[in-house]
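Engineer: Following is a predicted model, sequence given first.
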4 protein chains.
Amino acid sequence: MGNSFGTLFRISTWGESHGGGIGVVIDGCPPRLPLCIEDIQFELDRRRPGQSDITTPRKESDSASIISGVYEGQTLGTPIAIYVPNGDHRPEAYSEMKDTFRPSHADFTYQTKFGIRNHEGGGRSSARETIGRVAAGAIARKILKLAGDIDISAYITRVHDIEMPTLQHFPTLEEVEASPVRCPHPATAKKMIQRIKAMRNEGNSVGGLIECRIRKLPIGLGMPVFDRLEAELSKAMLSLPATKGFEIGSGFNGSLKSGSEHNDTFVNKEGQIGTSTNRSGGVQGGISNGEELIFRVAFKPTATIIQNQETVDKEGEKATLVGRGRHDPCVVPRAVPIVESMAALVLVDHWMRHKAQCESFDFNPA
Amino acid sequence: MGNSFGTLFRISTWGESHGGGIGVVIDGCPPRLPLCIEDIQFELDRRRPGQSDITTPRKESDSASIISGVYEGQTLGTPIAIYVPNGDHRPEAYSEMKDTFRPSHADFTYQTKFGIRNHEGGGRSSARETIGRVAAGAIARKILKLAGDIDISAYITRVHDIEMPTLQHFPTLEEVEASPVRCPHPATAKKMIQRIKAMRNEGNSVGGLIECRIRKLPIGLGMPVFDRLEAELSKAMLSLPATKGFEIGSGFNGSLKSGSEHNDTFVNKEGQIGTSTNRSGGVQGGISNGEELIFRVAFKPTATIIQNQETVDKEGEKATLVGRGRHDPCVVPRAVPIVESMAALVLVDHWMRHKAQCESFDFNPA
Amino acid sequence: MGNSFGTLFRISTWGESHGGGIGVVIDGCPPRLPLCIEDIQFELDRRRPGQSDITTPRKESDSASIISGVYEGQTLGTPIAIYVPNGDHRPEAYSEMKDTFRPSHADFTYQTKFGIRNHEGGGRSSARETIGRVAAGAIARKILKLAGDIDISAYITRVHDIEMPTLQHFPTLEEVEASPVRCPHPATAKKMIQRIKAMRNEGNSVGGLIECRIRKLPIGLGMPVFDRLEAELSKAMLSLPATKGFEIGSGFNGSLKSGSEHNDTFVNKEGQIGTSTNRSGGVQGGISNGEELIFRVAFKPTATIIQNQETVDKEGEKATLVGRGRHDPCVVPRAVPIVESMAALVLVDHWMRHKAQCESFDFNPA
Amino acid sequence: MGNSFGTLFRISTWGESHGGGIGVVIDGCPPRLPLCIEDIQFELDRRRPGQSDITTPRKESDSASIISGVYEGQTLGTPIAIYVPNGDHRPEAYSEMKDTFRPSHADFTYQTKFGIRNHEGGGRSSARETIGRVAAGAIARKILKLAGDIDISAYITRVHDIEMPTLQHFPTLEEVEASPVRCPHPATAKKMIQRIKAMRNEGNSVGGLIECRIRKLPIGLGMPVFDRLEAELSKAMLSLPATKGFEIGSGFNGSLKSGSEHNDTFVNKEGQIGTSTNRSGGVQGGISNGEELIFRVAFKPTATIIQNQETVDKEGEKATLVGRGRHDPCVVPRAVPIVESMAALVLVDHWMRHKAQCESFDFNPA
């Protein structure tokens, strides 16, 4: 339990950082969707370690195979299994993690909960697990694009205390990918990269914020009262490693306004009802309202640092963890496609749920 | 779909603001829990409108009945149905809402999604729906208390721009309830009340922040990877009306620290492994680590204001919504028991899930 | 857990035989379905005790109210709550059941599983629970009828060892309801009634078989591999009190034929592909094939008899249960609308699931 | 949707008959269960084609690998992924199935439901899919054995019209495996084998019945009202290819008895409450009562026969399907471990569910 996500478009991920490999099964994908391995590999390559000089230098090709559910270039409607074998295995690199708990990692809680853990590379708690999410998310994105011309764009707005100005437009993929830090404001991106490199040189790490926008979403997605669209997105984002917060629309600062300042006025936009402002963030009453969906996710600094740290071992005895090895001084740039993937998974699932309940039957045939 | 919450301790709420009433069914409650109606009514009274001079003056007694699942003062293990009839019905008060969409309410999205809506009092999108959550939450809290001496305490830390100093201790119920605004810092509480009354006098509204703490939680609750404890809490909170954000531990500001500043050092606390700081907020790798669980929820200002507002009607024609009637100038004080209830529901569900997987079998009998 | 049924059209029943009442919540009902209380009461009256001289003489009006989810004669798409208060309460009639276990009833297993039980009238294990199923089933049947002109017809084919000849046509409601025993073959119905009365006079009971047919079902319902249509129907039927078996199409006798005798030949029926025989029972590979769906359900004789029976009490001491009171000498006639209701619930749920996955998106717009 | 089974011990199978391979993911397995590949391969070998001279001569080694979830010989509590690559691929053998619908197979319904299908070897509707069930079932059986000394034994009681006498004892694995037909009555087994070989020589096929018994099951498994133990078992069995019926205890013949003949008398068995007869089949009120669980499953004759058959093609034109190739003249012997596997999956899931609700909390500490 806990390794599946979604109701109708449902994914189940499996695999530890070290061991046979990492994979995902997608159950409920609509049939006859054109799909090839390149659709998936493109997004995996955006998530891959070693993609630029500000990520971990670990080399992992993360080559995916589709093992079932696709036939002659189209989905069958049966489960799609995708498999990425593990590589670059250095078990000796993790020997000291066997008995010593790394600060702010999942070592202690996994060991206590399960009474056993695969300590190599973090095992199941490793961010490698998100490979399955990105692979499934690539399929969800293709559904959104082909069936509704829906675009999702995430990007970094803050690294440590370096923040970009508010973005006034929906950025293209090219704008985001122009910099390895995935901030579409070139001057800020440059500063962010400098900061990340500076922290890496200290053996330290930083976190940051990701903003995500979705446009052309149909009105009506989201299932009140518990499966509100923002509730589902929030769960999706907080299920990612290293996340500490989620906000939609006006978010935490929304409470600094009064009601008369915060309300979004309804207007007629060329025959479509819309709002003149978007403090709601594209969702009202838990249901998409046709405006741009906009939310932000907070990531803490990477817990792995290349400094000596005080900690305890399994017996509770004091120990010193010697910092060494390869690490990501800032995971946030690589998290951008993961955030987009989780958003896509939520949206496809809710689109299917909406259609099932609200658009499947006509009880008043003429 | 969407009106149930939880996996093993599962609640289903039903009912519109106007109509027969509001209720909840709880499926999966452990048997032999001592339970009486007072346990439930106590929490409902904390949520009730008209409880103080800073809430809406609507009078709703919200008297609950237990219709099934309890026998001679104990739960049976069968579904517990709780019912609260509606009262104080004034359909005429809502006539202009029939065709006109209130800004930042759910009128437009419900109408578009379902093609129909009960416009009276907001129908299903009314905060009256949370009665069912609070009733079920009262049962969950009793389980946590009796089985684990676990306490949950939520309180307001900000109203509009009035913020209390960081609270250094776990507040008692008495401290929280000492002021109708449910801020345990008396000087700040006084200012908050003044602000709320001032805004009400303008026919305006304000939002704020709630912080929630849970202590004595067992280590091991939370199901990686998708059902991480913070992911489930986040979904629970964002499923509440008027919420715009969630953060746990260091939250959005956590990314302003470097890794070496942010990591929580493991220490031996009288034989128990714990952490010297708590930026993690009580959760690591999605699993409770035995430290205090601490999270915050952002609420927007109430959308209902007593001012005229521009909007459109169902045909997209411009319309003016005349502000009148009774409203809550700030819903946050009444949301405190709702936040606690949702937290309790998540925790009981995850406690049961944890026990089912990790504490039910011994494969190595001596 | 265990008190809900369905994935997209999901019902949750609650209530014990004695106590406040019995009810059901339906979540996921499509909006804008015309619905009135008479739609529901009609089916409840077919299930009601005291409806004829071959059922229990208990008088229960079983009057239902719709408390939420319907507005001005149409469904809202929000949860529909239906409530039937209990009546005719005689707690003293059950005093000896408090400590003594009735043979082949659920007294012993409920007491052992939960450590507590409401012994009055069987509590939750009472067939009164099926009221909620029939109320929800009435809504499902209306959806099937209005959206697809789909008919469901169940009827008794055997009581004790009295069996009707194979029915060659799809019977009308009138044919089934013509006799209180709900066997559409009048000569057999007469014998069945005589047998039931004879058994009642002895204080004894009998069981029997129900056959159920569904016509005009769309091709494509059923979700391989685990949620095959026959698997879902089988679960639905075996979840009913007193059922001991389920078979579809050729059923248990199908294995007496060879493959060449058993296979259904595909033929062209006026432009539609169909089969010349129907040993498959309307389902192939777990998916409806457009032929008539046909299955049978076996019911054991009522466990309650008006004879003295040997048993044990809670302490395991020998005890004699004195037979007295009012009982149904044969529950099968009243089970007919229950079987139809469960079938309708499965079919609506699967129709919605099929549409969500297979009919919601077009990936090849011209 | 539809490719997962179970609530707490949840399996998801994937894969088509032809293509990359077949697999299963098990989510929710308790941690620290000793597990090695031999545990799984042993059961897969009982299911494997070509295991004896009465099965299909297809050679498939069905060699399984555990890719995740197991570390140093014990389960981690994380998802267990098991993978069996496909082999013996002869796509040309299936060319005529591309456009022509085989009678009583899933070709027509899959094609119509999904608008596409992998026709090679039946694709997803192939019985190869059950590999994943048997692999997962082997794990479930080990849990039952180690944690509760619970045994499951299935065997064939009928092939075509050849039926064995009622078995008075719980058969050992050796007794069942003594004959390739898996009938523990040697004289009957011999006749069954003769019949199967005779039918194969005609290019024809036969079906049969499997009986399954489970002993030492704890009292209390099963979740009324919808997830009754027999309802879950029934769904599990009817989700298997070629099944047409399920019955528990007295089953279809139970209705031939009167209530006084059918009721099981409670007796004190050396301090334990039990029943003197077992017409209930080990389940009362949907909950296991501690007696032997006993049920039967009906299998139709294999649809594939080596005879020419009339049918239609995709356009509805008449066509003749020429019988050729390799087939199982009777799938029932190979279905024996599949039935046991599905039973084991249901039982582990319900054991976990029971413990979660009924055995996890003590509300009355001394």
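Structural biologist: Structure's in. What do you need? Numbers count the residues shown, from 1 in each chain, chains lettered A, B, ... in the order given.

Engineer: need the contact list for residue A:25.
Structural biologist: Shown in contact with residue A:25 (CB atoms under 8 Å, 6 or more residues apart in numbering or on different chains): A:11-12, A:14, A:79-82, D:3, D:12, D:14, D:25. Where you see a C-beta, it was placed from the backbone N, CA and C, and this is true even at glycine.

Engineer: Can you pick out the ones from these that are in strands?
Structural biologist: Those of the contacts of residue A:25 mapping onto strands are A:11-12, A:14, A:80-82, D:12, D:14, D:25, per DSSP state E.

Engineer: which of the residues you listed are buried?
Structural biologist: Buried members of the ones in strands among the contacts of residue A:25, scored by 16 or more other CB atoms under 10 Å in any protein chain shown, are A:11-12, A:14, A:80-82, D:12, D:14, D:25.

Engineer: can you give me the mean pLDDT across the lengthiest helix in chain A?
Structural biologist: Longest helix of chain A, by residue count under DSSP state H: helix A:332-358. The pLDDT scores in helix A:332-358 average 98.

Engineer: So which elements touch that helix?
Structural biologist: Judged by 3 or more CB pairs under 8 Å, 6 or more residues apart in numbering or on different chains; DSSP states H and E, helix A:332-358 is in contact with helix A:37-47, helix A:130-148, strand A:151-159, strand A:208-215, helix A:229-238, strand A:293-299, helix B:107-114, helix C:332-358.

Engineer: Just the buried positions in it, please.
Structural biologist: A:332-358.

Engineer: just the angle between that helix and helix A:37-47, please?
Structural biologist: What separates the directions of helix A:332-358 and helix A:37-47 is an angle of 130 degrees, with axes from the mean of the first three to the mean of the last three CA atoms, to 10 degrees.

Engineer: how would you label residue A:66: helix, strand or coil?
Structural biologist: strand (DSSP: H, G, I helix; E, B strand; the rest coil).

Engineer: bridging residues for it?
Structural biologist: Listed by DSSP bridges, the beta-bridge partners for residue A:66 are residue A:82.

Engineer: which residues does it contact?
Structural biologist: A:35, A:37, A:40, A:80-82, D:20.

Engineer: mind putting these in a markdown table, pLDDT and distance to residue A:218 included?
Structural biologist: Compiled in a markdown table, the contacts of residue A:66 are given as follows (pLDDT from 0 to 100; distance: CB to CB, whole Å):
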| residue | pLDDT | distance to residue A:218 |
| --- | --- | --- |
| A:35 | 98 | 22 |
| A:37 | 97 | 29 |
| A:40 | 97 | 25 |
| A:80 | 98 | 24 |
| A:81 | 98 | 30 |
| A:82 | 98 | 27 |
| D:20 | 90 | 35 |
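
Engineer: and the stretch 51-200 of chain A, which residues reach chain C?
Structural biologist: Neighbours of chain C within the stretch 51-200 of chain A, by CB under 8 Å from any CB of the partner chain: A:77-78, A:143, A:146-147.

Engineer: any idea which of those residues has the most stuff around it?
Structural biologist: residue A:78 (31 neighbours; other CB atoms under 10 Å in any protein chain shown).

Engineer: Nearest residue to that one in space, please, no chain neighbours.
Structural biologist: Leaving aside its sequence neighbours, residue A:78 sits nearest to residue D:124 (CB to CB, 6 or more residues apart in numbering or on different chains; 4.2 Å).

Engineer: Now do the phi/psi pair for that neighbour.
Structural biologist: With angles defined as degrees, to the nearest 10, residue D:124 sits at phi -70, psi -20.

Engineer: That one contacts residue D:118, doesn't it?
Structural biologist: Yes - proximity of residue D:124 to residue D:118 meets the contact threshold set by CB atoms under 8 Å, at 7.1 Å.

Engineer: neighbour-wise, which of these two wins?
Structural biologist: Taking neighbours as other CB under 10 Å, residue D:124 and residue D:118 compare with residue D:124 leading, 28 against 24.

Engineer: ok, so what distance separates the more buried one from residue C:289?
Structural biologist: To residue C:289, residue D:124 is 17 Å away according to CB to CB, to the nearest Å.

Engineer: can you check residue A:221 too?
Structural biologist: Residue A:221 is 34 Å from residue C:289, where distance means CB to CB.

Engineer: just residue A:227 next, same as before
Structural biologist: 34 Å.

Engineer: Please identify which of these two sits among more neighbours.
Structural biologist: A side-by-side neighbour count of residue A:227 and residue C:289, using other CB under 10 Å, places residue C:289 first with 29 against 23.

Engineer: Next up, the contacts around residue A:292.
Structural biologist: A:170, A:213-215, A:278, A:282.

Engineer: will you turn these into TSV that also has pLDDT and distance to residue D:153?
Structural biologist: Formatted as TSV, the contacts of residue A:292 follow (pLDDT from 0 to 100; distance: CB to CB, whole Å):
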residue	pLDDT	distance to residue D:153
A:170	98	63
A:213	98	59
A:214	98	55
A:215	98	60
A:278	98	64
A:282	98	58
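
Engineer: And those residues, which is closest to residue A:44?
Structural biologist: Of all these, the one with the least separation from residue A:44 (CB to CB) is residue A:214, at 21.2 Å.

Engineer: okay, now that closest one: neighbour count?
Structural biologist: 24.

Engineer: Relative to chain B, which residue of the stretch 151-300 of chain A is the closest?
Structural biologist: Here the residue of the stretch 151-300 of chain A nearest chain B is residue A:285; by CB to the nearest CB that distance is 2.3 Å.

Engineer: and residue A:148, how far is that from residue D:56?
Structural biologist: Shown here: residue A:148 relative to residue D:56, a distance of 46 Å by CB to CB.

Engineer: Please apply the same query to residue A:70.
Structural biologist: Taken as CB to CB, the span from residue A:70 to residue D:56 is 27 Å.

Engineer: and if you look at residue A:260?
Structural biologist: Taking CB to CB as the measure, residue A:260 falls 76 Å from residue D:56.

Engineer: and what of residue A:322?
Structural biologist: With distances taken as CB to CB, residue A:322 is found 59 Å from residue D:56.

Engineer: In terms of packing, which of these two has more residues around it?
Structural biologist: For residue A:322 versus residue D:56, neighbours defined as other CB under 10 Å are more numerous around residue D:56 (19 against 12).

Engineer: That one contacts residue D:50, correct?
Structural biologist: Yes - assessed by CB under 8 Å, residue D:56 is found in contact with residue D:50 at 6.7 Å.

Engineer: so where's chain A shaky on pLDDT?
Structural biologist: A:88-93, A:365-366 (pLDDT under 70).

Engineer: Show me what residue of it gets nearest to chain C.
Structural biologist: residue A:356 (3.8 Å).

Engineer: was I right about residue A:156 contacting residue A:179?
Structural biologist: No - with contact defined as CB under 8 Å, residue A:156 does not count as touching residue A:179 (9.1 Å).

Engineer: who touches both of the two?
Structural biologist: Contact criterion CB under 8 Å, 6+ apart; residues shared by residue A:156 and residue A:179: none found.

Engineer: These two: which is more packed in?
Structural biologist: Using other CB under 10 Å as the criterion, residue A:156 and residue A:179 rank with residue A:156 on top: 28 against 21.

Engineer: Enumerate every residue touching that one.
Structural biologist: Taking CB under 8 Å, 6+ apart, one finds A:164, A:181-183, A:192, A:208-211, A:332-333, A:336 in contact with residue A:156.

Engineer: just the residues of the stretch 101-250 of chain A that are near chain D, which are they?
Structural biologist: A:113-118, A:123-124.

Engineer: One more pass at 7 Å, please.
Structural biologist: Residues of the stretch 101-250 of chain A lying near chain D by CB under 7 Å from any CB of the partner chain: A:114-118, A:124.
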